[in-house]
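Visitor: What shape does this take:
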Amino acid sequence: MSHDALKTTIIIYLDADACPVKDLVYKVAARYGVPLKVVANTSIRITPNAGHDAEMVVVPGSPDAADDWIAERAVKGDLVLTSDIPLAARVIGNDVRCLDFRGGEYNPNRIGDALASRDLNAMLRSMGEITGGPKAFSPKDRSKFASTLDAAVNKMARKAARKATG
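Guide: Numbering: from 1, shown residues only. Presented below is the predicted three-dimensional model:
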């Protein structure tokens with residue numbers, strides 16, 4: 001039997017280094033009793049409202065070390081939360097659901113476009129053509145993320161529970 005067939009519990013992997021919504025992630029993980037791996041290059045305080053299944057995972061080294069750690073462990077049935085497009089591309093390529101911090105879901109059919117756009121913008125920035133970064137994170141972004149995250153975890157937790165009961 002494959003690992004996918006045996007998986008009955010979802011795990012949330014939070015790419016936490018620049019996450020503006022950690023508190024929302026903690027609340028949702030606790031509400032649904034879902035294990036949460038908070039992954040970063042340095043230690044980040046996890047508040048008590050994150051639930052008993054929240055774990056801080058420090059992955060020192062290169063800036064991509066935390067991303068590598070997540071990509072090596074996330075499997076179908078898990079949820080990855082990140083703003084890192086290359087990490088998103090890696091995990092959705094393994095059939096892992098992946099949300100960004102503004103409430104969007106990375107789509108396997110459009111991830112190539114997102115990677116190309118990211119690379120083009122990086123090149124334009126290096127040439128001095130683009131001097132600004134992404135738009136500021138807004139209360140609307142926060143609200144959309146909260147709604148999308150709750151709906152995704154609710155659906156995934158129900159599916160995992162059905163799998164566990166037969």
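Visitor: CA only for contacts and neighbour counts going forward, please
Guide: OK.
Visitor: show me what contacts residue 34?
Guide: 9, 10, 11, 12, 53, 157 (C-alpha atoms under 8 Å, 6 or more residues apart in numbering).
Visitor: List the buried residues of the longest helix seen in the chain.
Guide: The residue-count maximum for a helix in the chain (DSSP state H) belongs to helix 139-165. Using 16 or more other C-alpha atoms under 10 Å as the test for burial, helix 139-165 gives 142, 145, 146, 148, 149, 150, 152, 153, 156, 157, 160.
Visitor: What lies in contact with stretch 62-74?
Guide: So stretch 62-74 is contacted by 11, 13, 15, 39-41, 58-60, 80, 87, 90-91, 96 (C-alpha under 8 Å, 6+ apart).
Visitor: Most widely separated two among the contacts of residue 34?
Guide: Greatest spatial distance in the contacts of residue 34: 53 and 157, 14.5 Å, computed using C-alpha to C-alpha.
Visitor: For the residue nearest the centre of the chain, list the residues it contacts.
Guide: The C-alpha lying nearest the average C-alpha coordinate of the chain belongs to residue 81 (C-alpha atoms, centre = their mean; 1.1 Å). Neighbour list for residue 81: 12, 13, 14, 15, 98, 99, 100, 101 [criterion: C-alpha under 8 Å, 6+ apart].
Visitor: all strands for this structure, in order.
Guide: For the chain, the strands defined by DSSP state E occupy 12-15, 36-40, 54-58, 79-81, 97-99.
Visitor: Please report how far residue 53 lies from residue 35.
Guide: To residue 35, residue 53 is 5 Å away according to C-alpha to C-alpha, to the nearest Å.
Visitor: Which residue is the nearest non-sequential neighbour of residue 88?
Guide: Leaving out its chain neighbours, the residue that sits closest to residue 88 by C-alpha to C-alpha, 6 or more residues apart in numbering is residue 98, at 6.3 Å.
Visitor: Residue 160 and residue 32: what is the separation?
Guide: Relative to residue 32, residue 160 is positioned 12 Å away (C-alpha to C-alpha).
Visitor: Next one: residue 146 relative to residue 12, how far apart?
Guide: For residue 146, the distance to residue 12 - C-alpha to C-alpha - is 14 Å.
Visitor: Now for this structure, the helix or strand with the poorest mean pLDDT.
Guide: Taking mean pLDDT, DSSP states H and E as the measure, helix 3-6 is the helix or strand of the chain with the lowest mean score, a mean of 43.
Visitor: give the contact list for the residue nearest to residue 88.
Guide: 79, 80, 81, 82, 88, 91, 92, 105, 106.
Visitor: Alright, I will stop here.
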